[in-house]
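In: the sequence isn't on hand, but the structure is:
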């Protein structure tokens, strides 16, 4: 009995959770029964290999004894819930301490290196395991457990279902370590053929949303400036046989072209810096974040981002609403060659926005049924679609919005592009739309009026409402 009492003292963290759910008196009663149950288990398996006792005595037998007694008193479902909650609480502190330790310089490399000797000592065949090892990797460690004493003894004791709690402990312990990635596809305790264990240093990933004014425009106008300026100079130097009027006219036209290209080069440099996510102003980021702040989704709801580009708005909405799903669509044409589906997916991965998906689509005719989404958003898309009535484009987007769903659409909504938007808003209200409003974003909301003019964003406005 002395050994059983010693082992049960190490599991008092389970009793703490029992007392929270069952009260002290009931917990004491079950705990005493578990102590007697553990003594019976120890006697039954007193001849197990000495090495197996590390896991059997330290973890498997005491937890099984408590669970079996809980199960007898309160039923399997509640007994499992108590043991699982206790395991989560017990692992949380250890996981947080490990995460803090991993933030120390060089600790990620040390952690991966020690796994080889550690597993071959603590999880070896001497301790009841059978493993498959893989060739060493510089920044990763991989092994498979082919036979596990937890599965073996818990099955023999009649409670194989709690093996899953131990399997999940690995995910809790190693799944949230900064800079490390823990991967597992199956475990013996949950019906798998083996338990795979793969931990590696995370690849440094950074989202790249590109720029609304690509560097190619800067280089193109810059090259044009240089060519035209050189042409103007050459005309004066080598155009001796030309008549003075012809020579001066040609030289003047080329010089004027060089000045024009030079002005556009300067504007592109200015705008590129303002829009850049890396620049000081970060206007694009401010606009994207400002639109996303208007989207509030519940568990399981969905949002559509029309014209996602490089995925910025889709990802921003998704990060603010992790309980929902956000879909970004775009035709990804040649005019914005750096924007594509692969970039969207890479940006989502870098941002950890797993609740996103991207697909080809066109705002002119959306490939979705009526009332599909709980929210729709868009940013600077419709003004790029030439030859189409902008209000009809808006109606096509709102078509896929569910009754009660919300919308936040940002674009250059000047009358010459969009027509009478106040009349459009009244039409929406007459159809039953609520809280419809058109907010100028050039009054300091996203940018100043002067800034909007310089960046050719005059007329920027946000259309908000509820269907």
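Out: In hand now; what should we look at? Please read all numbers here as calculations on a predicted model, not as lab measurements.
In: let me see the contact set for residue 410.
Out: 287, 291, 378, 379, 380, 441, 460, 461, 462, 463 (CB atoms under 8 Å, 6 or more residues apart in numbering). C-betas here are computed from N, CA, C, even on glycine.
In: can you tell me the helix or strand for residue 150?
Out: helix 149-156 (DSSP states H and E).
In: tell me how far the residue nearest the centre of the chain lies from residue 312.
Out: What sits nearest the mean C-alpha location of the chain, by CA atoms, centre = their mean, is residue 353, with 1.5 Å. Separation of residue 353 from residue 312 (CB to CB, to the nearest Å) stands at 11 Å.
In: what's the answer for residue 407, then?
Out: The separation that residue 407 has from residue 312, given CB to CB, amounts to 18 Å.
In: without its sequence neighbours, what residue ends up closest to residue 363?
Out: Excluding the flanking residues, the one nearest residue 363 by CB to CB, 6 or more residues apart in numbering is residue 306, at 5.0 Å.
In: list the contacts of the helix or strand that the helix holding residue 150 is followed by.
Out: Per DSSP H and E, the first helix or strand lying C-terminal to helix 149-156 is helix 163-174. Contact partners of helix 163-174, identified using CB under 8 Å, 6+ apart, comprise 59, 80, 83-84, 87-88, 91-92, 94-95, 98, 150-151, 154-155, 180, 182, 184, 187-190, 195, 197, 199.
In: note down every partner strand of whatever helix or strand comes next after helix 163-174 and its orientation.
Out: Next helix or strand after helix 163-174 toward the C-terminus (DSSP H and E): strand 180-183. Note on strand 180-183: by DSSP bridges, its sheet partners are strand 195-201 (antiparallel).
In: and the helix or strand just after the partner strand, what does it pack against?
Out: The first helix or strand that comes after strand 195-201 along the chain, using DSSP H and E, is helix 215-238. Packed against helix 215-238 by the contact rule (3 or more CB pairs under 8 Å, 6 or more residues apart in numbering; DSSP states H and E) you find helix 244-275.
In: who does the helix it packs on touch, helix- and strand-wise?
Out: So helix 244-275, by 3+ CB pairs under 8 Å, 6+ apart, packs with helix 215-238, helix 283-292.
In: now the first one: average pLDDT?
Out: In this model, helix 215-238 has a mean pLDDT of 82.
In: can you check the last one too?
Out: Over the span of helix 283-292, the pLDDT mean works out to 96.
In: quick revisit: in contact with the residue nearest to residue 363, which residues?
Out: 329, 361, 363, 366, 376, 377, 378, 381, 397.
In: same check on residue 178?
Out: Per CB under 8 Å, 6+ apart, neighbours of residue 178: 99, 102, 103.
In: low pLDDT regions in this protein?
Out: For the chain, applying pLDDT under 70 flags the ranges 239-241, 246-247.
In: can you give me the strands in it?
Out: Using DSSP state E, the strands of the chain run over 130-133, 140-147, 180-183, 195-201, 302-306, 325-330, 356-360, 373-379, 401-412, 434-440, 460-466.
In: nearest to residue 260, out of these?
Out: Closest approach to residue 260 among these (CB to CB): strand 401-412, 23.3 Å.
In: strands paired with the closest one, and their directions?
Out: strand 373-379 (parallel), strand 460-466 (antiparallel).
In: next one: that strand to chain centre, how far?
Out: The chain centroid and the centroid of strand 401-412 are separated by 23 Å, computed with CA atoms, centre = their mean, to the nearest Å.
In: my read is that residue 37 contacts residue 71, right?
Out: No: here residue 37 does not reach residue 71: they are 10.9 Å apart, not a contact under CB atoms under 8 Å.
In: more neighbours, those two?
Out: Higher neighbour count among residue 37 and residue 71: residue 37, with 22 against 19, using other CB atoms under 10 Å.
In: OK, contacts around that one?
Out: Contacts of residue 37 (CB under 8 Å, 6+ apart): 65, 68, 69.
In: thought residue 58 was touching residue 128, still the case?
Out: No: between residue 128 and residue 58 there is no contact under CB under 8 Å: 11.9 Å.
In: now for residue 366: which residues touch it?
Out: 304, 306, 329, 396, 397, 399, 400.
In: hmm, try it at 10 Å
Out: 304, 306, 329, 372, 373, 376, 396, 397, 399, 400 (CB atoms under 10 Å, 6 or more residues apart in numbering).
In: from these, which would you call buried?
Out: 304, 306, 329, 372, 373, 376, 396, 397, 400 (16 or more other CB atoms under 10 Å).
In: dump these to CSV, plus distance to residue 297.
Out: Below are those laid out as CSV (distance: CB to CB, whole Å):
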residue, distance to residue 297
304, 12
306, 16
329, 17
372, 14
373, 10
376, 12
396, 22
397, 17
400, 15
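In: between those, which is nearest residue 447?
Out: residue 306 (21.9 Å).
In: is the closest one bridged to anything, and to what?
Out: Judged by DSSP bridges, the bridge partners of residue 306 are residue 329, residue 378.
In: please parse the protein into its domains.
Out: Listed by automatic domain parsing, the domain ranges of the chain are 2-201, 215-275, 283-466.
In: and the shortest one, how far from the chain's centre?
Out: Spelled out, it's domain 215-275. Counting by CA atoms, centre = their mean, domain 215-275 comes out at 46 Å from the chain centroid.
In: equivalent analysis for the first one, please.
Out: Relative to its chain's centre, domain 2-201 lies at 29 Å (CA atoms, centre = their mean).
In: end to end on that domain, go ahead and measure it.
Out: Terminal residues of domain 2-201 are spaced 44 Å apart (CA to CA, to the nearest Å).
In: report the contact partners of residue 357.
Out: With the criterion set at CB under 10 Å, 6+ apart, residue 357 makes contact with 302, 314, 318, 325, 326, 327, 328, 329, 341, 344, 345, 348.
In: and the gap between it and residue 294?
Out: Taken as CB to CB, the span from residue 357 to residue 294 is 21 Å.
In: tabulate the strands of the chain (JSON lines), appending distance to residue 232.
Out: What follows is those, written out as JSON lines (distance: least, CB to CB, whole Å):
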{"stretch": "strand 130-133", "distance to residue 232": "72"}
{"stretch": "strand 140-147", "distance to residue 232": "60"}
{"stretch": "strand 180-183", "distance to residue 232": "58"}
{"stretch": "strand 195-201", "distance to residue 232": "56"}
{"stretch": "strand 302-306", "distance to residue 232": "45"}
{"stretch": "strand 325-330", "distance to residue 232": "41"}
{"stretch": "strand 356-360", "distance to residue 232": "45"}
{"stretch": "strand 373-379", "distance to residue 232": "41"}
{"stretch": "strand 401-412", "distance to residue 232": "35"}
{"stretch": "strand 434-440", "distance to residue 232": "43"}
{"stretch": "strand 460-466", "distance to residue 232": "38"}
